[in-house]
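# Here is my input; please provide its structure:
(chains A and B)
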Amino acid sequence: QVQLRESGPRLVKSSETLSLTCSVSGGSISGYYWSWVRQPPGKALEWIGYIYSRGSTLYSPSFQSRTTLSVDMSINQFSLKLRSVTAADTAVYFCARGRDFDNMDLEVWGLGTTVTVS
Amino acid sequence: DVQMTQSPSTLSASVGDRVTITCRASRNIKSWLAWYQQKPGKAPKVLIYKASNLQSGVPPRFSGSGSGTEFTLTISSLQPDDFGTYYCLQHDSYWTFGQGTRVEIK
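Just a heads-up that it's a prediction; the model follows:
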């Protein structure tokens, strides 16, 4: 079964760039949509954006101006960069896979990683 | 953007009760809606996709209905393990989560 695992710094300084990577194992990154979702402490889930395996992207309007998603099919990883972070970006960050090309709900999720902005 | 209004925000029910959670979309999203259950400290788990399709491995006491702008998640007989927070997710235009419904067992 496909598994996702987020990795990256747990602590980021205010005004700097948050960088996370999602490693995909047990399946190919090809042919799927790959999303990032975050959850501030005690709050609801927020969708950040997705990247298709071939590189096309769609960002939430709330994050578009300071977010970049990228994918490296050769090593089955995709990444998130969120620039100019503030304390409001402190959250658990999840990576997730869309079900398939026709049904794009988020079927498979990573465990999440907590990022604190100081 | 499509806004999702989820209700109630919290509900407390007894084991065996029938429970209903509603999500309303600000415009027609056809059937592009999924339901998730999240336990504290865990990733969300998909229960229902495309409004009414039960995810493999999910107990049949969970069901979804609706299309267009109004959607419902029903738990036919609440079980102790069903505590947690439930979210809807629309994926017709961008992706938007509802604000969540916290389900407590009396």
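# Identify the bridge partners of A:Thr114.
With DSSP bridges as the criterion, A:Thr114 is bridged to A:Val92.
# That one contacts A:Asp89, doesn't it?
No - under the criterion of CB atoms under 8 Å, A:Thr114 lies out of contact with A:Asp89, with a separation of 11.8 Å. Using the backbone N, CA and C atoms, a C-beta is placed for each residue, glycine as well.
# Now do the same contact list for the residue most central in space within chain B.
With distances taken as CA atoms, centre = their mean, chain B has B:Trp35 as the residue nearest its mean C-alpha position (3.9 Å). Contacts here follow CB atoms under 8 Å, 6 or more residues apart in numbering or on different chains; on that basis B:Trp35 touches B:Ile21, B:Val46, B:Leu47, B:Ile48, B:Phe62, B:Gly64, B:Leu73, B:Tyr86, B:Tyr87, B:Cys88, B:Leu89.
# In strands only, show me those residues.
Among those, the subset assigned to strands under DSSP state E consists of B:Ile21, B:Val46, B:Leu47, B:Ile48, B:Phe62, B:Gly64, B:Leu73, B:Tyr86, B:Tyr87, B:Cys88, B:Leu89.
# what's around the second one, how many residues?
Meaning B:Val46. Residue crowding around B:Val46 was assessed by other CB atoms under 10 Å in any protein chain shown; the count is 23.
# Near B:Tyr36, how many other residues are there?
B:Tyr36 sits with 26 neighbouring residues when counted by other CB under 10 Å.
# I'd like the distance between the residue nearest to it when sequence neighbours are not counted and B:Ser67.
Here the nearest residue to B:Tyr36 in space, its sequence neighbours aside, is B:Pro44; by CB to CB, 6 or more residues apart in numbering or on different chains that works out to 3.9 Å. Distance of B:Pro44 to B:Ser67, given as CB to CB, to the nearest Å: 22 Å.
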